[in-house]
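Enquirer: Need the 3D shape of this:
(2 chains)
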2 protein chains.
Amino acid sequence: MTAKIISNRKSLSPEQLENGDIFAPKFDNAGLIMAIASDASSNEILMVAYMNEEALKLSLQSGIVHYYSRSRSALWKKGETSGEIQKLVEMRTDCDQDVLLLKVEQVGRGAACHTGRKSCFYRQIVTENGAIALKTDSTPRVFDPDKVYKK
Amino acid sequence: MTAKIISNRKSLSPEQLENGDIFAPKFDNAGLIMAIASDASSNEILMVAYMNEEALKLSLQSGIVHYYSRSRSALWKKGETSGEIQKLVEMRTDCDQDVLLLKVEQVGRGAACHTGRKSCFYRQIVTENGAIALKTDSTPRVFDPDKVYKK
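Expert: Take a look at the predicted model:
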């Protein structure tokens, strides 16, 4: 399948962008678009990462989520090292088409986060007596990152 | 309450950033951090917007979500025009503290999106015979944006 992804948004009106059926994702100056991965069953947000056009096409074509790693400047098949593959159940975009929402089935051990946790959002921001701090969830890690990534 | 938000991330180690209790959000070059708003009851993702430090502090202090409007270059109290206020139930951050996750109670008519829909993610990306298109959910709009924003 040759996935056609229209990048020329300039030919579309705001009405077409917001209410039309043409997929015209807005890539930023680095050629990236943000992708939020959520658990397809529970809607829980698992992680946020970026895709370039290649990663986006590969994800749609293969049904396996690919991102673009900004730190490694390379295509990143999620789970390639850790085994924590994400099966793409559904992909959505928002009103101005500058964010992607992935509904995924997190396979492997079930941890989307490189720290070994199910979700990257394992800390709550709490305010107490005027100070702000982070409170980590008591849920245990799914895997030990030192062992999985062989630091 | 004087909310102290630590911006100097450079004094923190990756270990402190990822596993510590110090809130050190990463604002981008424009002084903004992305905030994902989700429905506190269902976890459904409602919208994605940005906060500057002022909006972040105001949200934590008041319990009412404030963003920063990039198009208007101004603090944006969500719902000020439309009535679609968001009550902040919980705020979280991710492993590298460059994204915020808001769990909100969407009050007003219950539409987070300026198009009058509950969520901004009302279109699914579908592939058919090698072509990619958007398919809009059949759920009706909660309000008519032309009337609410008085275009």
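Enquirer: Let me know the pLDDT of the residue of chain A most remote from its centre.
Expert: In chain A, the residue that sits farthest from the middle, by Cα atoms, centre = their mean, is residue A:129; the gap is 35.0 Å. Looking at residue A:129, its pLDDT stands at 79.
Enquirer: In contact with it, which residues?
Expert: Residues near residue A:129 by Cβ atoms under 8 Å, 6 or more residues apart in numbering or on different chains: none. Glycine gets a C-beta too; all of them are placed from N, C-alpha and C.
Enquirer: Got phi/psi on it?
Expert: phi 50, psi 40 (degrees, to the nearest 10).
Enquirer: Please tell me how far it sits from residue A:121.
Expert: Distance, residue A:129 to residue A:121, by Cβ to Cβ, to the nearest Å: 24 Å.
Enquirer: what does residue A:50 give?
Expert: According to Cβ to Cβ, residue A:50 stands 17 Å off from residue A:121.
Enquirer: and the two? which has more neighbours close in?
Expert: residue A:121 (26 against 19; other Cβ atoms under 10 Å in any protein chain shown).
Enquirer: can you give me the helices in chain A?
Expert: Secondary structure of chain A (DSSP state H): helices located at A:14-19, A:53-62, A:145-148.
Enquirer: for the ones you listed, which one sits closest to residue A:109?
Expert: Comparison of the helices of chain A against residue A:109 by Cβ to Cβ identifies helix A:145-148 as nearest, at 8.8 Å.
Enquirer: buried sites along the closest one?
Expert: For helix A:145-148, the neighbour count (16 or more other Cβ atoms under 10 Å in any protein chain shown) marks A:145, A:148 as buried.
Enquirer: Chain A: strands as residue ranges?
Expert: A:33-39, A:45-51, A:66-69, A:74-77, A:86-93, A:99-106, A:123-128, A:131-136 (DSSP state E).
Enquirer: Where does pLDDT dip in chain A?
Expert: Across chain A, residues meeting the criterion (pLDDT under 70) sit at A:1-4, A:7, A:151.
Enquirer: and with 90 instead?
Expert: Low-confidence segments of chain A (pLDDT under 90): A:1-11, A:81-83, A:108-110, A:128-131, A:139-140, A:142-151.
Enquirer: most tightly surrounded among the helices of chain A?
Expert: helix A:53-62 (a mean of 19; mean count of other Cβ atoms under 10 Å in any protein chain shown).
Enquirer: Output that helix as PDB, restricted to C-alpha atoms.
Expert: Only the C-alpha atoms of helix A:53-62 are listed here, as PDB (Å, rounded to 0.1, in the frame of the first residue of the first chain):
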ATOM      1  CA  GLU A  53       6.100  11.300   7.800                       C
ATOM      2  CA  GLU A  54       8.000   8.000   7.400                       C
ATOM      3  CA  ALA A  55       7.000   6.800  10.900                       C
ATOM      4  CA  LEU A  56       3.400   7.900  10.300                       C
ATOM      5  CA  LYS A  57       3.200   6.000   7.000                       C
ATOM      6  CA  LEU A  58       4.900   2.900   8.500                       C
ATOM      7  CA  SER A  59       2.600   2.900  11.500                       C
ATOM      8  CA  LEU A  60      -0.500   3.000   9.200                       C
ATOM      9  CA  GLN A  61       0.800   0.500   6.800                       C
ATOM     10  CA  SER A  62       2.200  -2.100   9.300                       C
END
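Enquirer: Against which helices or strands is it packed?
Expert: Contact here means 3 or more Cβ pairs under 8 Å, 6 or more residues apart in numbering or on different chains; DSSP states H and E; on that basis helix A:53-62 packs against strand A:66-69, strand A:74-77, strand A:86-93, strand B:123-128.
Enquirer: Contacts for the last one, please.
Expert: Translated: strand B:123-128. Contacts for strand B:123-128 (Cβ under 8 Å, 6+ apart): A:1, A:3, A:21, A:23, A:60-61, A:90-93, A:100, B:132-137.
Enquirer: So in that sheet, which strands flank that strand, and in what orientation?
Expert: Strand B:123-128 pairs in its sheet with strand A:86-93 (antiparallel), strand B:131-136 (antiparallel), by DSSP bridges.
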